[in-house]
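1. heads up, no residue letters with this:
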């Protein structure tokens, strides 16, 4: 008698609930064994998992803490599969919830063929993401401190005309200001933190220039205006090894959180907006690239016109307009990566809803 087997794995911080689920030829599914694996005892975990047949699929949620478990399972010749948490919640909406039941359910979903699987990045991609996201976090911390410095000046009614308050001229201006004692002490403290972060970021970027290995994909991405070496590697790492896992550019834009969501009801047409469920690092990279693009001389005319039209001549709605440009950049990345050809402003094809149309992007 042929019996199919799958493992449902419910991850927690200190332990995991594991259910071994089997399906016979008649399609009946039953749980043959349940285990509680303590994360602080790796030897015991490995001893129990080695008893399982090689190649057994393991269904687990793509929640916090899955990477090391996936690496452990692969080292033991098991096959980890990540499930999309929101989709799993929808499938289990009307079912009871408990640790034991959650593990059983994941195994059943796999055997029934309804497990909502999502992308499982390789260890190499995850390590690259770790370094690049660390740099992004440092930049965000520095930006937050700069905003606090600006807030001190606003509270004191001090105005300036520097485009970069933290450049050479701006720092001299800050050093020469006459401020109340507490404000001066706080300002000096924040500026010292900015200097430390600048030094640390310089070290990170030096490491990147020396160790980030460019492949054909990153070289192609760097041909797109606004995307330099760092952003090319960020986009490459966040999308993964194959852009083909996205059926079209719209799906990639949705994954990056750049596809506008509708909010319509009956005859009311609500305002479009971008959602929160997305790859936030990838969205940050595209919006950052859009900001660079709009300030560079080789900005494509079509994107520049789009920004000017949405902002009514750079007057209003600047943030939504930048997101719209980032959405177009996302589409360009998809086209360049999938075609394997460098960016060319006059030949990049624009998808169309008109069947058989040969329209091109200008």
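-> Done, it's in. This is a predicted model, so every value here is computed, not measured.

2. my read: residue 4 touches residue 20, true?
-> No - if you go by CB atoms under 8 Å, residue 4 and residue 20 don't touch, sitting 11.6 Å apart. In short, each C-beta sits where N, CA and C put it, glycine included.

3. neighbour count: these two, which is higher?
-> residue 20 (20 against 15; other CB atoms under 10 Å).

4. for the chain, what spans make up the strands?
-> For the chain, the strands defined by DSSP state E cover 4-11, 15-23, 29-38, 57-61, 79-83, 117-118.

5. reformat those as TSV; add mean pLDDT and distance to residue 124.
-> Output for these, formatted as TSV (pLDDT from 0 to 100; distance: least, CB to CB, whole Å):
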stretch	mean pLDDT	distance to residue 124
strand 4-11	96	22
strand 15-23	96	25
strand 29-38	95	26
strand 57-61	96	21
strand 79-83	97	16
strand 117-118	93	18
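
6. tell me the domain boundaries of the chain?
-> 4-102+113-118, 124-211, 216-339 (automatic domain parsing).

7. picking up where we left off before, need the strands of the chain in JSON lines (columns: distance to residue 222).
-> Converted to JSON lines, the strands of the chain look like this (distance: least, CB to CB, whole Å):
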{"stretch": "strand 4-11", "distance to residue 222": "38"}
{"stretch": "strand 15-23", "distance to residue 222": "42"}
{"stretch": "strand 29-38", "distance to residue 222": "44"}
{"stretch": "strand 57-61", "distance to residue 222": "36"}
{"stretch": "strand 79-83", "distance to residue 222": "30"}
{"stretch": "strand 117-118", "distance to residue 222": "28"}
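
8. tally of neighbours for residue 313?
-> 8.

9. please name the bridge partners of the closest residue to residue 60 other than its chain neighbours.
-> With sequence-adjacent residues excluded and distances taken as CB to CB, 6 or more residues apart in numbering, residue 60 is closest to residue 9, at 3.8 Å. Taking DSSP bridges as the rule, residue 9 bridges to residue 18, residue 60.

10. which residues does residue 9 contact?
-> The contact partners of residue 9, by CB atoms under 8 Å, 6 or more residues apart in numbering, come to 16, 17, 18, 58, 59, 60, 69, 103, 106.

11. what's near enough to touch residue 334?
-> 243, 246, 248, 249, 252.

12. quick revisit: for the strands of the chain, which one sits closest to residue 332?
-> strand 117-118 (24.8 Å; CB to CB).

13. who touches the closest one?
-> 62, 81, 82, 83, 84.

14. once you drop chain neighbours, what's closest to the fourth one?
-> To tie it back to what came earlier, the one meant is residue 83. residue 61 (5.1 Å).

15. how are the helices of the chain distributed by residue range?
-> With helices called from DSSP state H, the chain shows them at 42-49, 66-75, 85-91, 99-112, 123-155, 168-176, 181-211, 216-221, 229-239, 249-255, 280-294, 301-310, 318-339.

16. ok so, going back, neighbour-wise, which of the contacts of residue 334 leads?
-> residue 252 (24 neighbours).

17. show me where the stretch 101-250 of the chain dips below the pLDDT cut-off.
-> Low-confidence segments of the stretch 101-250 of the chain (pLDDT under 70): none present.

18. let's see 90
-> 209-215, 241-242 (pLDDT under 90).

19. re earlier: which one of the strands of the chain lies closest to residue 227?
-> Nearest to residue 227 among the strands of the chain is strand 117-118; the distance by CB to CB comes to 25.5 Å.

20. just checking: what are the partner strands of the closest one?
-> In the sheet, strand 117-118 lines up against strand 79-83 (antiparallel) (DSSP bridges).

21. next, the angle strand 57-61 makes with the partner strand.
-> Here strand 79-83 runs at an angle of 30 degrees relative to strand 57-61 (axes from the mean of the first three to the mean of the last three CA atoms, to 10 degrees).

22. quick check: buried residues in strand 79-83?
-> 79, 80, 81, 82, 83 (16 or more other CB atoms under 10 Å).

23. which residues touch stretch 89-107?
-> 6-10, 12, 17-21, 31, 34, 59-61, 83, 88, 109, 114-116.

24. next, count neighbours for residue 72.
-> Counted with other CB under 10 Å, residue 72 comes out at 15.

25. just to revisit the earlier point, let's have the helices of the chain in CSV, adding distance to residue 263.
-> Formatted as CSV, those follow (distance: least, CB to CB, whole Å):
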stretch, distance to residue 263
helix 42-49, 46
helix 66-75, 32
helix 85-91, 18
helix 99-112, 31
helix 123-155, 28
helix 168-176, 41
helix 181-211, 39
helix 216-221, 33
helix 229-239, 27
helix 249-255, 16
helix 280-294, 19
helix 301-310, 19
helix 318-339, 14
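
26. tell me which of those helices sits most buried.
-> Among the helices of the chain, helix 229-239 has the highest mean neighbour count (mean count of other CB atoms under 10 Å), at a mean of 23.

27. what's that helix packed up against?
-> Using 3 or more CB pairs under 8 Å, 6 or more residues apart in numbering; DSSP states H and E, the elements in contact with helix 229-239 are helix 123-155, helix 181-211, helix 216-221, helix 280-294, helix 318-339.

28. what angle separates the last one from helix 280-294?
-> Same thing as helix 318-339. Using the same axes, to 10 degrees: helix 318-339 against helix 280-294 is 100 degrees.

29. with the second one instead?
-> If you take the same axes, to 10 degrees, helix 181-211 sits at 90 degrees to helix 280-294.

30. same check, this time on the first one
-> Here helix 123-155 points in a direction 60 degrees away from that of helix 280-294 (the same axes, to 10 degrees).
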